[in-house]
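Undergrad: Sharing a sequence plus its predicted fold:
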Amino acid sequence: MAPSPGRFSWREIADLQSGVISEHDAMAAGLTRADIRARVADGTWRQPARGVLVTATATPPLVQQAWAALLAGGPNAVLGGSTAAALDGLVGHGDEVVTVLVPPGRRGTPVAGVVFRRTARLAPADVHRARLPPRTAPARSVVDMAEWCSGRDGARAVISDALLQGFVTIEAMRRALARRGPISRRTLIADTLDELNRRTPRMLSLRYKQLEAAFGLPPCRALATPSPDVPTGQLDVWYGPWRLLVRVGQPGPRRPQPAGRRTLTVRVEQLWQAPAETAALVAAALREQVPTEAADRPAVPPGPDEPATEWHETVRDEHGEADQGGGGGQSPAVASSQMRELPPWEAERAAGQLPVPPTA
């Protein structure tokens, strides 16, 4: 694993590999077999696996254990699964066992605390060649973790946590799954990604715009979010003249409401599965609020959950433009001709009439 053994001292090679060096590289750097045996015998060095030497006496951290397992795996071995994910920053899914991916024909000596998994499908895009120790890229690591989990619920939890932590993206996961080849949980992983994609603010905004046009609701303002592609399951839309905030997702902490302002909470499942019911709830809430033209009221600074930034998101009408589906799931329905018809609010505003929310 060391670059050009013989051109570096054994200390330089070991420092590059967190204190771990192969016996072959140590001898290429000038040490004799007798030197190595003497250091192991007096406890200065340890030999956790055949042909692998640890030049530090302290308890090995994860990266040192990973290097030792990797060198024991032989040429072209890379760290994978939870080991690679932990080294790249995924929290909450560590494993005491180090996972190493090796070529399909490799037959190695068993090593305590190490699992060697043979794989014939490891594309260049699935490996971090510039990071040490060499390991699979985050998306491939998560796909493998989901495949190797003991249960289906655990597989879904791994995928969800990785996305919520910003460790991977849905599209990167889909590409890694396509490269992975035949695995037993391909459908489970693809369906989980599709379901989580429906919970991203971007897709919730598109769905809400479709509902708004289909049922003749007045145009709202979708409030910006810092992570539109993370499946947070939350979206805020603001109806300024009615001082109504529609919150899609779990209700947030209770805060004192400014005078005349109201918050309506809608479940994510309700938005997707019961659009008519959702539109009726929004229309009823609008009717209960007293609309106020923006020009007739003093400027009000944005509240804590009312950012000034507007998220400009359009409804894609042509088939395929909004397709973000993957695997075996279904992409959200494309807006129908009825949904593309402009509601009558523009005509009422042009005639100088105050928009009145319709009955959904």
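TA: Nice, I can see it.
Undergrad: Helix or strand: which one has the residue most central in space within the chain?
TA: In the chain, the centroid-proximal residue (C-alpha atoms, centre = their mean) is residue 163; its distance is 2.0 Å. For residue 163, the host element (DSSP states H and E) is helix 152-164.
Undergrad: Can you spell out which helices and strands pack onto that helix?
TA: Here helix 152-164 touches helix 138-148, helix 170-180, helix 186-197, going by 3 or more C-beta pairs under 8 Å, 6 or more residues apart in numbering; DSSP states H and E. All C-beta spots, glycine's among them, are computed from the backbone N, C-alpha and C.
Undergrad: Just the CA trace of the very next helix or strand once past the last one, in CSV.
TA: Going back to what we said before, that points to helix 186-197. Counting by DSSP H and E, the next helix or strand C-terminal to helix 186-197 is helix 201-214. Only the C-alpha atoms of helix 201-214 are listed here, as CSV (Å, rounded to 0.1, in the frame of the first residue of the first chain):
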residue,chain,number,x,y,z
PRO,A,201,-38.8,20.2,0.6
ARG,A,202,-38.3,20.5,-3.2
MET,A,203,-40.8,17.7,-4.0
LEU,A,204,-43.2,18.8,-1.3
SER,A,205,-43.2,22.3,-2.9
LEU,A,206,-43.9,20.9,-6.4
ARG,A,207,-46.8,18.8,-5.0
TYR,A,208,-48.2,21.8,-3.2
LYS,A,209,-48.1,23.9,-6.3
GLN,A,210,-50.0,21.2,-8.2
LEU,A,211,-52.6,21.1,-5.5
GLU,A,212,-52.9,24.9,-5.5
ALA,A,213,-53.6,25.0,-9.2
ALA,A,214,-55.9,22.0,-9.3
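Undergrad: quick revisit: where does the closest residue to the residue nearest to the centre of the chain other than its chain neighbours sit: helix, strand or coil?
TA: Residue nearest to residue 163 in three dimensions, not counting chain neighbours: residue 231, with 5.5 Å by C-beta to C-beta, 6 or more residues apart in numbering. Following DSSP: H, G, I helix; E, B strand; the rest coil, the label given to residue 231 is coil.
Undergrad: that older thread, just checking, the residue nearest to the centre of the chain touches residue 170?
TA: Yes: between residue 163 and residue 170 there is a contact at 6.6 Å, judged by C-beta atoms under 8 Å.
Undergrad: Pull up the overlap in contacts between the two.
TA: In the contact map built from C-beta atoms under 8 Å, 6 or more residues apart in numbering, the residues linked to both residue 163 and residue 170 are 196, 231.
Undergrad: which residues touch residue 181?
TA: So residue 181 contacts 120-121 (C-beta under 8 Å, 6+ apart).
Undergrad: measure it to residue 143 for me?
TA: 11 Å (C-beta to C-beta, to the nearest Å).
Undergrad: Repeat that for residue 195.
TA: 16 Å.
Undergrad: the more surrounded of these two?
TA: Between residue 195 and residue 143, counted using other C-beta atoms under 10 Å, the more crowded position is residue 143 (32 against 14).
Undergrad: quick revisit: what comes into contact with the helix holding residue 163?
TA: So helix 152-164 is contacted by 85, 90-93, 138, 142, 145-147, 149, 167-170, 173, 185, 188-189, 192-193, 196, 230-232 (C-beta under 8 Å, 6+ apart).
Undergrad: Just the buried ones from those, in PyMOL syntax?
TA: The buried residues among the contacts of helix 152-164 can be selected in PyMOL (16 or more other C-beta atoms under 10 Å) with this line:
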select buried, resi 85+90+93+138+142+145+146+147+149+167+168+170+173+185+188+189+192+193+196+230+231+232
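Undergrad: where exactly do the helices run in the stretch 201-350 of the chain?
TA: 201-214, 268-273, 275-288, 337-340, 345-350 (DSSP state H, counting those that start in this stretch).
Undergrad: Looking at those helices, which is nearest to residue 35?
TA: helix 201-214 (60.6 Å; C-beta to C-beta).
Undergrad: mind listing what's buried in stretch 23-37?
TA: For stretch 23-37, by 16+ other C-beta under 10 Å, it's 23, 25-29, 31, 36.
Undergrad: and of the residues you listed, the nearest to residue 202?
TA: residue 25 (49.0 Å).
Undergrad: Output the below-cut-off pLDDT ranges for the stretch 201-350 of the chain.
TA: By pLDDT under 70, the weakly predicted segments of the stretch 201-350 of the chain are 251-258, 292-350.
Undergrad: any idea how far residue 228 is from the residue nearest to residue 81 when sequence neighbours are not counted?
TA: Spatial nearest neighbour of residue 81, excluding adjacent residues (C-beta to C-beta, 6+ apart): residue 99 at 3.9 Å. Distance check for residue 99 against residue 228: by C-beta to C-beta, it reads 33 Å.
Undergrad: how close does residue 8 sit to residue 69?
TA: 22 Å.
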